[in-house]
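my questions are about this predicted structure, shown below with the sequence.
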Amino acid sequence: MDRVVATCDEAVADIPNGASIMIGGFGPPGIPVNLVQALRRRRLRDLVLIYCGGGTEQDGIGGLIADGAVRKLITSYPTHPGASAVRERYLRGEIELEVLPQGTFVERIRAAGAGLGGFYTPTGVGTELAEGKEVRIIDGRAYLFELPLRADYALIKAYRADRWGNLMYRRTMRNFNPIMATAANIVIAEVDELVPVGGLSPEEIETPCIFVDRVVVVPREEIRRVALESR
Amino acid sequence: MPLTREGIAYRIARDLPDGSFVNLGVGIPTLVARFVPPDRTILIHSENGILGAGPKAAPGEEDPDLVNANGDYVTLMPGASLFDHALSFTIIRGGHLTHAVLGALQVSRRGDLANWRIPGPRVPGVGGAMDIAVGAQQVWVATTHTTDQGEPKIVEECTYPLTAARCVRRIYTDLAVLRVEGEQLVLEELAPGVTVEEVLERTGTRLTVPDVVPIMEVPAEFAGIPLLAS
């Protein structure tokens, strides 16, 4: 049951070329930066990334894209400041983009993790993002059919873990992480702190260990300061 | 005199009732939080999982794990709650937000909203805009009446790609407050010193103008912030 692996490099060592990989995070919070950097060192090709933003040099996701490791990005908002790598590659036709409304993006992942075959959403009806999608009228309102979205791997970030892989999050670090943890074949969590099994109260475990395959501990000094101050 | 960006935000804040749950888009909408009257409790929702977001953190006080959907390091008000994106969009799409205040590239007479994409060789990015536009109980637009080039942003039909059809209930601009009423766009209020003719001239569709159009109650300044353009 011990899910802890020693290093980020070890945690991502088996990811092959062409893999589909979810990466959690929104803004800086919740991005497993050290796992992403380890993934970048693998020099892989043809990856499909499922990540809400466009990535920056700092978070490493922009670096993966700049390196040419990414064939396709499934995303919602790749246009934020700092997302220069995706912009340059997209305008040169070197990366495929699938842009989804943010609620549809997360719900497709949730549906995959929950074993559902898809869902109908009112979001996007009548827009260019509805092209090619089935429209169904339910109780007089139009909905689009959206498919579940799974991945081979999920790289996620949490605050504390135990050796079994139970996870808790801090502040807005949750974002996509608990959802992505349910929807990939191999789930790898980067965490700030490791506590003994039983050291997390059952109520504060948001991702139960059943979803998590590997845990890597990468302490953050900055977060320790803030956590102590806010106690 | 037309309103400043802060003036538009001030005017909107007057219309948010006590107990509102509100999502604020980027740009002018973000400013609304500053002008909430002190006797009202209004909870600001942020797509990335906050209900009860507070003002930006003071320099040096930022928590590295706490941002809002703009990516600003913010604070939490007492009673705030945090959650993941699935629950956040359950709140949005499920009709639980009482109000959303959004920016606009264009709004049509019938309340169609275009605010996510300018056509051309650009990276498309939609974020939460489409979910919020279809999900909030009331969608209000905060925008300048025209573009920087003087082109009307309130139009007969949107030419930019739609965010959602027939979703906007009210439009607050530097010149006027407008209400979407079925097929009609009704002029509800004028900024101080602005005439009906000026509004009509800068609007790209027909307006329904009542016999009497009240003037907005917006002071020249608030806490040292100019609300009326000089």
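Thanks, I have the structure now. Numbering: from 1, shown residues only, chains lettered A, B, ... in the order given.

strands of chain A, start to end?
Ranges of strands within chain A are A:20-23, A:47-50, A:70-75, A:96-99, A:119-121, A:135-138, A:141-146, A:151-161, A:167-168, A:184-194, A:214-217, based on DSSP state E.

give me every residue that touches residue 118.
No chain in the question, so chain A it is. A:G118 makes contact with A:R108, A:A111, A:F145, A:E146, A:L147, A:P148 under the criterion C-beta atoms under 8 Å, 6 or more residues apart in numbering or on different chains. C-beta coordinates here come from the backbone N, C-alpha and C atoms, glycine included.

chain B is the one I meant
B:I118 touches B:L105, B:Y160, counting by C-beta under 8 Å, 6+ apart.

ok, it to chain A distance?
According to C-beta to the nearest C-beta, to the nearest Å, B:I118 and chain A sit 11 Å apart.

still on that earlier bit, output the strands of chain A as CSV; include the columns mean pLDDT, mean neighbour count and distance to chain B.
Putting the strands of chain A into CSV (pLDDT from 0 to 100; neighbours: other C-beta atoms under 10 Å in any protein chain shown; distance: least, C-beta to the nearest C-beta, whole Å) gives the following:
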stretch, mean pLDDT, mean neighbour count, distance to chain B
strand A:20-23, 99, 26, 12
strand A:47-50, 98, 24, 13
strand A:70-75, 98, 22, 8
strand A:96-99, 97, 16, 5
strand A:119-121, 98, 19, 7
strand A:135-138, 98, 10, 13
strand A:141-146, 98, 17, 9
strand A:151-161, 98, 26, 8
strand A:167-168, 98, 26, 12
strand A:184-194, 98, 22, 10
strand A:214-217, 98, 22, 17
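
OK, contacts around the residue lying closest to A:E128 once chain neighbours are set aside?
What sits nearest to A:E128 in space, not counting adjacent residues and going by C-beta to C-beta, 6 or more residues apart in numbering or on different chains, is B:P161, at 5.1 Å. Contacts for B:P161 (C-beta under 8 Å, 6+ apart) come out as A:T127, A:E128, B:A114, B:W116, B:R117, B:P119.

and with 10 Å instead?
Contacts for B:P161 (C-beta atoms under 10 Å, 6 or more residues apart in numbering or on different chains) come out as A:127-129, B:105-106, B:114-119, B:124, B:126.

can you list the buried residues in the longest strand that chain B contains?
For chain B, the strand with the greatest residue count under DSSP E is strand B:74-82. Under the neighbour-count criterion of 16 or more other C-beta atoms under 10 Å in any protein chain shown, strand B:74-82 has B:V74, B:T75, B:L76, B:M77, B:L82 buried.

how near is the third one to chain A?
When distance is defined by C-beta to the nearest C-beta, B:L76 is 8 Å away from chain A.

so that residue bridges to which residues?
Beta-bridge pairing for B:L76 (DSSP bridges): B:A53.

with the last one instead?
On the basis of DSSP bridges, B:L82 takes part in beta bridges with B:I50.

that one contacts A:R174, correct?
Yes: the criterion here is C-beta atoms under 10 Å, and B:L82 meets it with A:R174 at 6.7 Å.

mutual contacts of those two, please.
Jointly contacting B:L82 and A:R174 under the rule C-beta under 10 Å, 6+ apart are B:N48, B:G49, B:D65, B:S88.

strands of chain B, start to end?
Taking DSSP E as the criterion, chain B contains strands spanning B:21-24, B:43-46, B:50-56, B:74-82, B:99-102, B:106-108, B:113-114, B:138-142, B:154-155, B:168-172, B:176-181, B:184-190, B:221-222, B:225-226.

now render those as CSV, adding distance to B:Y10 and mean pLDDT.
Converted to CSV, the strands of chain B look like this (distance: least, C-beta to C-beta, whole Å; pLDDT from 0 to 100):
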stretch, distance to B:Y10, mean pLDDT
strand B:21-24, 14, 98
strand B:43-46, 16, 98
strand B:50-56, 16, 97
strand B:74-82, 20, 97
strand B:99-102, 12, 98
strand B:106-108, 20, 98
strand B:113-114, 22, 98
strand B:138-142, 11, 98
strand B:154-155, 20, 98
strand B:168-172, 10, 98
strand B:176-181, 12, 98
strand B:184-190, 13, 98
strand B:221-222, 6, 96
strand B:225-226, 8, 98
